[in-house]
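# show me how the following folds:
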Amino acid sequence: MLPAKAVIAFVAAQRLCELLLAARNTRRLRKSGAIEIDAGGYPAFVLLHAGWLATLFLAVPQTTVAFGPLLYAYGVLQLGRIWVIASLGRRWTTRILVIPGAPLVRRGPYRFLRHPNYVIVAAEIAVLPLALGAVGTALVFSVLNALLLKRRIGIESRALRQAADCRKPALSRPLAGVRPVP
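Numbers count the residues shown, from 1 in each chain. Below is the predicted model of the structure:
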């Protein structure tokens, strides 16, 4: 089986590639009139994910070997992640960006779930540390992620509904403590 540090390095490289794709899509979406909602909440997710990876790297001993069945489960989650990204195409980003009047995506995993990416990420945050024997890391970061997602899902759902109704998100009905970023 794979050494823990190699697995963590692979996941970090994967996340970096995703951030580059998200940045490119973000630029495209903004050029096409997308409005960012809750830009102030975004850094908390960056810190959470960076902290999760750093904690795994620092806390998991060099000699740890990943537990095969859970590492396999993590690999299956990556297939789900690819499905989400492919389904959203150029609309996939790590930020909340909405295009007023654009219909919601209803293909791929979005036929079955409203927020499949968040389900996958929540599972990843628990499964990878468990595969590496880091039960405390799985618990702490799962709780922190759940707290952030509770807030974000409410904001995102409301903004997407408003955008689909051709109203400017956060302008027609203000979101508590959240300002749009043009």
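# and the strands in the chain?
Taking DSSP state E as the criterion, the chain carries its strands at 35-37, 96-98, 180-181.
# among the helices and strands of the protein, which has the poorest mean pLDDT?
Lowest by mean pLDDT, DSSP states H and E among the helices and strands of the chain is strand 180-181, with a mean of 52.
# coming back round to it: out of the strands of the chain, which is closest to T63?
T63 sits nearest to strand 96-98 of all these, at 40.9 Å, using C-beta to C-beta. Backbone N, C-alpha and C define where each C-beta goes, glycine included.
# note down every partner strand of that closest one and its orientation.
strand 35-37 (antiparallel) (DSSP bridges).
# flag every buried residue along the partner strand.
Neighbour counts using 16 or more other C-beta atoms under 10 Å place I35, E36, I37 of strand 35-37 among the buried residues.
# what is the mean pLDDT for it?
In this model, strand 35-37 has a mean pLDDT of 93.
# so who does the spatially closest residue to A164 that is not a sequence neighbour touch?
In space, and not counting its chain neighbours, A164 is closest to L104: 5.6 Å by C-beta to C-beta, 6 or more residues apart in numbering. With contacts defined as C-beta atoms under 8 Å, 6 or more residues apart in numbering, the neighbours of L104 are Y110, L160, A164.
# show me the one in those that has more neighbours than the rest.
Each of those was scored by neighbours using other C-beta atoms under 10 Å; the highest score is L160's, at 21 neighbours.
# re the thing from before, of all the strands of the chain, which lies closest to V143?
strand 96-98 (21.9 Å).
# list of residues touching that closest one?
With contacts defined as C-beta under 8 Å, 6+ apart, strand 96-98 is touched by 26, 29-30, 34-38, 42, 91, 152, 155-156, 159-160, 162-163, 169.
# make it 6 Å
The contact list for strand 96-98 (C-beta atoms under 6 Å, 6 or more residues apart in numbering) reads L29, A34, I35, E36, I37, D38, E156, A159, L160, A163, P169.
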